[in-house]
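In: okay, structure incoming, though there's no sequence with it:
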């Protein structure tokens with residue numbers, strides 16, 4: 001009798017959630033999330049009704065345009081409070097959400113950037129009307145530190161939407177909206193250790209915040225994102241299988257990979273390749289179950305693309321292609337939209353799933369039709385005074401349907417400005433449709449090369465002027481420094497703008513040197529903070545002359561751990577991260 005009751009109970013749950021996509025991505029209470037997770041555990045014991053399908057070779061640019069135009073069919077055009085907002089889905093016309101609308105602004109702005117189609121401009125303006133009326137920080141769920149995930153999630157899309165819109169149209173009239181979303185993060189704590197969903201959402205949010213802070217030059221935003229990302233990275237490393245190979249709500253572990261790549265590893269790019277090679281394999285290649293399975297796979301696709309760009313491993317690129325093709329195959333009526341689940345009908349396409357397809361799957365391929373990636377085997381790369389060499393992985397791939405011939409070459413950005421090279425060049429490389437090539441290469445650095453931080457940069461295109469894509473990493477040469485006073489004797493080498501050059505060594509033991517550039521005499525304040533945000537040292541607080549500056553921090557008496565340095569120079573601000581190891 002108990003078994004029969006349990007079966008009836010599970011059947012009732014399955015019936016209850018068989019149309020769960022009706023709820024789509026609106027905020028869900030903790031109890032609703034508990035029921036959803038139980039339902040998805042049940043689904044994981046059931047076979048897939050309609051397996052994924054990989055279509056024939058496709059034009060990803062046309063696919064992106066079709067998805068962007070599909071979204072216009074779901075925008076509210078009737079006068080009223082919902083005017084300009086995005087409907088959840090074809091079969092859910094009464095659910096209007098801010099996140100869907102912000103996603104559409106990003107997709108449409110990118111569409112205009114690609115096509116110049118001015119017919120989309122009014123859709124974008126109408127969308128902003130709705131967004132201002134229903135801002136991210138007023139969405140459901142409140143600001144509870146454990147349950148307030150929805151405002152964090154929606155705020156990230158707001159930051160990306162405003163950035164893309166401003167970049168494309170040169171219009172900063174919605175800058176204040178993005179600032180309000182960013183400031184919400186600084187003012188409202190959100191606990192990523194409470195659940196895997198919280199970790200996914202917060203990683204996404206901090207990635208968006210760092211990119212926004214970098215874009216607008218606000219170190220408070222980048223500093224906060226780095227601080228939170230450092231804590232989340234450690235949380236992921238403690239249990240990577242559960243946190244990177246997991247799905248919850250409408251997200252998956254790919255969101256964590258994207259978020260850390262655009263926060264922690266923007267601040268510490270030298271660590272990206274090794275970390276991704278170690279932890280990215282914990283992501284699933286394909287998720288078969290759950291009411292929002294296509295959304296889960298879109299996030300995984302984005303995570304695999306990020307892993308490819310960090311490691312140069314073509315396996316991740318192929319995983320991204322597989323997931324992209326699988327999602328495209330769900331557009332059964334070829335209207336540009338896709339649903340949330342393999343079993344959904346063609347008249348159940350969702351606006352947010354279609355936006356996911358455009359942002360996470362199609363845009364990377366449109367953005368880099370021919371890609372090049374280089375990644376060092378070990379980092380940081382430190383060449384001793386007498387010279388030495390480093391080893392790196394390199395790959396290039398054709399993400400289009402037509403074969404092509406390209407040049408591949410490498411230049412070196414010099415510490416004092418300008419480029420040297422090419423140090424390597426390969427002419428007339430043939431890349432077939434969707435073909436990729438990879439190789440391991442060595443680079444010798446002579447003892448006569450002056451000390452400093454150099455950038456090793458690969459290009460693909462038509463040498464020397466046409467550059468389709470690029471990839472780079474830094475290396476450090478020890479030894480005799482090129483005198484910073486050179487700017488006084490050779491104006492060609494004087495700094496032309498404000499710049500924070502990073503620290504060396506990093507990680508360090510007891511002392512490290514912070515480098516920065518000043519184009520003019522100005523007031524300078526350089527401070528060091530610990531992971532909890534407390535200032536532990538003020539290294540500079542004075543007016544300094546123009547030129548290349550360096551300050552050494554003696555960290556005796558400080559415990560091992562992560563520290564942040566923040567530089568204020570006149571109206572300019574910037575920050576970075578350093579690690580003390582004793």
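Out: Arrived safely. Only a predicted model underlies this, so the values are computations on that prediction, with no experimental measurement involved.

In: which phi and psi does residue 313 have?
Out: phi -80, psi 110 (degrees, to the nearest 10).

In: mind checking pLDDT for it?
Out: As predicted, residue 313 sits at a pLDDT of 93.

In: what's the burial count for it?
Out: Around residue 313 sit 22 other residues, with neighbours defined as other CB atoms under 10 Å. Placement of C-beta: from N, CA and C, glycine included.

In: that one against residue 304, yeah?
Out: No - using CB atoms under 8 Å, residue 313 makes no contact with residue 304, being 9.8 Å away.

In: against residue 239, how distant is residue 293?
Out: Going from residue 293 to residue 239 by CB to CB, to the nearest Å gives 23 Å.

In: same deal with residue 117?
Out: Residue 117 sits 46 Å away from residue 239, going by CB to CB.

In: kindly report the same for residue 180.
Out: According to CB to CB, residue 180 stands 34 Å off from residue 239.

In: likewise for residue 438?
Out: From residue 438 over to residue 239 the distance is 31 Å, taken as CB to CB.

In: so for these two, which sits in the more crowded spot?
Out: Shown here are residue 438 and residue 239; by other CB under 10 Å, residue 438 has more neighbours (15 against 12).

In: strands paired with whatever helix or strand the more buried one lives in, and their directions?
Out: Assessed by DSSP states H and E, residue 438 sits inside strand 436-446. If you go by DSSP bridges, strand 436-446 pairs up with strand 387-398 (antiparallel).

In: now whichever helix or strand comes after the strand it pairs with: how far from the chain's centre is it?
Out: Once strand 387-398 ends, the next helix or strand along the chain (criterion: DSSP H and E) is strand 404-413. Put simply, strand 404-413 sits 25 Å off its chain's centre (CA atoms, centre = their mean, to the nearest Å).

In: what's next to strand 404-413, contact-wise?
Out: For strand 404-413, contacts defined as CB atoms under 8 Å, 6 or more residues apart in numbering pick out 370, 372, 374, 396, 398, 419-431, 443, 454-464, 468, 472.

In: same check on stretch 551-562?
Out: Stretch 551-562 has contacts (CB under 8 Å, 6+ apart) with 230, 508, 510-514, 526, 528, 530-531, 536-537, 539-540, 563, 565, 577-582.

In: that stretch spans what distance, first to last residue?
Out: Start-to-end span of stretch 551-562 (CA to CA, to the nearest Å) is 18 Å.

In: can you check stretch 456-474 too?
Out: 6 Å.

In: residues in contact with that stretch?
Out: Residues outside stretch 456-474 that contact it (CB under 8 Å, 6+ apart): 269-270, 273, 309, 312, 368-376, 379-381, 392, 394, 396, 406-413, 419, 422, 425, 427, 443, 453-455, 475, 502.

In: report the buried members of the residues you listed.
Out: Using 16 or more other CB atoms under 10 Å as the burial test, those include 269-270, 273, 309, 312, 368-376, 379-381, 392, 394, 396, 406-413, 422, 443, 453-454, 475, 502 as buried.

In: can you show me the strands along the stretch 101-250 of the chain?
Out: 247-248 (DSSP state E, counting those that start in this stretch).

In: let me see the domain layout of this structure.
Out: Following automatic domain parsing, the chain resolves into domains at 59-367, 373-477, 489-580.

In: among those, which is the most enclosed?
Out: The highest average neighbour count among those, using mean count of other CB atoms under 10 Å, belongs to domain 59-367 at a mean of 21.

In: end-to-end on it?
Out: Using CA to CA, the two ends of domain 59-367 sit 13 Å apart.

In: where does the stretch 351-500 of the chain have low pLDDT?
Out: For the stretch 351-500 of the chain, the stretches with pLDDT under 70 are 480-496.

In: partners of the residue nearest to residue 415 when sequence neighbours are not counted in the sheet?
Out: Spatial nearest neighbour of residue 415, excluding adjacent residues (CB to CB, 6 or more residues apart in numbering): residue 452 at 3.3 Å. Using DSSP bridges, the bridge partners assigned to residue 452 are residue 477.

In: right, and residue 452 touches residue 445 too?
Out: No - using CB under 8 Å as the test, residue 452 is too far from residue 445 to be in contact (11.4 Å).

In: may I have the beta-bridge partners of residue 396?
Out: With DSSP bridges as the rule, residue 396 is bridged to residue 372, residue 437.

In: about what we covered before: which residues do residue 452 and residue 445 both contact?
Out: Both residue 452 and residue 445 are in contact with residue 477, where contact means CB under 8 Å, 6+ apart.

In: helices of the stretch 1-150 of the chain, start to end?
Out: Using DSSP state H, counting those that start in this stretch, the helices found in the stretch 1-150 of the chain span residues 2-17, 30-43, 60-72, 98-115, 121-133, 149-169.

In: same list (the ones you listed) but as TSV, adding distance to residue 202 and mean pLDDT.
Out: TSV is the format used below for these (distance: least, CB to CB, whole Å; pLDDT from 0 to 100):
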stretch	distance to residue 202	mean pLDDT
helix 2-17	26	36
helix 30-43	16	58
helix 60-72	27	96
helix 98-115	16	97
helix 121-133	22	98
helix 149-169	6	97
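
In: tell me which of the ones you listed sits nearest to residue 329.
Out: Nearest to residue 329, of all the helices of the stretch 1-150 of the chain, is helix 60-72, at 11.1 Å by CB to CB.

In: list the helices and strands that closest one packs on?
Out: helix 98-115, helix 351-356, helix 363-367 (3 or more CB pairs under 8 Å, 6 or more residues apart in numbering; DSSP states H and E).

In: distance to residue 318 added to the ones you listed, as TSV?
Out: Below are the helices and strands packed on helix 60-72 laid out as TSV (distance: least, CB to CB, whole Å):
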stretch	distance to residue 318
helix 98-115	24
helix 351-356	20
helix 363-367	12
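
In: go through the ones you listed and name the closest to residue 341.
Out: Closest to residue 341 of the helices and strands packed on helix 60-72, according to CB to CB: helix 351-356, at 9.2 Å.

In: can you tell me the SS state at residue 565?
Out: Following DSSP: H, G, I helix; E, B strand; the rest coil, residue 565 is assigned to strand.

In: now do it against residue 525, distance only.
Out: According to CB to CB, residue 565 stands 11 Å off from residue 525.

In: same question, residue 278
Out: 37 Å.

In: likewise for residue 462?
Out: The value you get for residue 462 to residue 525, if CB to CB is used, is 46 Å.

In: related to what we said a few turns ago, nearest to residue 140, of the helices of the stretch 1-150 of the chain?
Out: Set against residue 140 and scored by CB to CB, the helices of the stretch 1-150 of the chain come closest in helix 149-169, at 5.7 Å.

In: so what does that closest one touch, helix or strand wise?
Out: Secondary-structure packing of helix 149-169 (3+ CB pairs under 8 Å, 6+ apart): helix 98-115, helix 121-133, helix 175-187, helix 196-216.

In: now do 7 Å
Out: Counting by 3 or more CB pairs under 7 Å, 6 or more residues apart in numbering; DSSP states H and E, the packing neighbours recorded for helix 149-169 are helix 98-115, helix 175-187, helix 196-216.
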